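In: Mind folding the following:
(one chain, ligands or ions: 1)
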Amino acid sequence: MNVAYIGLGSNIEPRSNYLHDAIQRLSANKQVEVINKSSIYETEPVGYLEQDHFLNMVIEVHTSLSNLELLEACQQIEETLGRERTIENGPRTIDLDILLYNSENRALDTLRIPHPRLHERAFVLVPLYEIAPHIVMPTSGKLIEDMLNDISKKEMNS
Ligand SMILES: Nc1nc2nc(S)n(CCO)c2c(=O)[nH]1
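Out: Residues are numbered from 1 along each chain as shown. Okay, the predicted model is just below:
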């Protein structure tokens, strides 16, 4: 049994329906059990700014799927829910990002774990902290609160 944390995001209405539908579909997979869900957070877009606000959340799953099989399951749900990759980093109906998989630190050509931008995304770190405050990053050894402090220090200095 593996433990994974998945970040979900949507900024095309009906945003919360897309979040719940994605979780429903993940739970329908017999090899995936959704153990915990964060609150849903309304967040300003980062990266590509010319788009609507996102709803973001993080879920904890227990799964017998491998990391690549879990990625495949997430990508299938994104496709089913109409995710178009028209504009890179642009608006999307649903996004499912694998943030952590056990304490793996792995860079495959299709999947990097932990998610490479995890440490710089408050829209992921805040919901992750809500459901798993004691997680230590397998890469840096940092706690989530350390990474959140780093982000706020960077923002104060910018
Ligand atoms: N607030 C916020 N900004 C974002 N920019 C991108 S790209 N994304 C998509 C992340 O995969 C988001 C997001 O989910 N939330």
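In: Could you say which helix or strand holds the residue in the chain that the ligand sits nearest to?
Out: Closest contact between the chain and the ligand, by Cβ to the nearest ligand atom, is at residue 9 (2.8 Å). Placement of C-beta: from N, CA and C, glycine included. Under the criterion of DSSP states H and E, residue 9 resides in strand 2-10.
In: Direction included, what does that strand pair up with?
Out: Sheet pairing for strand 2-10, assigned by DSSP bridges, gives strand 54-63 (antiparallel), strand 95-101 (antiparallel).
In: JSON lines for the ones you listed, including mean pLDDT and mean neighbour count?
Out: As requested, the strands paired with strand 2-10 are exported to JSON lines (pLDDT from 0 to 100; neighbours: other Cβ atoms under 10 Å):
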{"stretch": "strand 54-63", "mean pLDDT": "98", "mean neighbour count": "23"}
{"stretch": "strand 95-101", "mean pLDDT": "98", "mean neighbour count": "22"}
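In: Select, out of those strands, the one closest to residue 123.
Out: strand 54-63 (4.4 Å; Cβ to Cβ).
In: Please could you give me each C-alpha atom of the closest one, formatted as CSV?
Out: Extracted C-alpha coordinates of strand 54-63, given in CSV (Å, rounded to 0.1, in the frame of the first residue of the first chain):
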residue,chain,number,x,y,z
PHE,A,54,-8.7,28.8,-9.0
LEU,A,55,-10.3,26.5,-6.5
ASN,A,56,-7.5,24.4,-5.1
MET,A,57,-7.4,21.5,-2.6
VAL,A,58,-5.2,18.5,-1.7
ILE,A,59,-6.3,14.9,-1.0
GLU,A,60,-4.5,12.0,0.6
VAL,A,61,-4.9,8.6,-1.1
HIS,A,62,-3.9,5.1,-0.2
THR,A,63,-3.3,3.1,-3.4
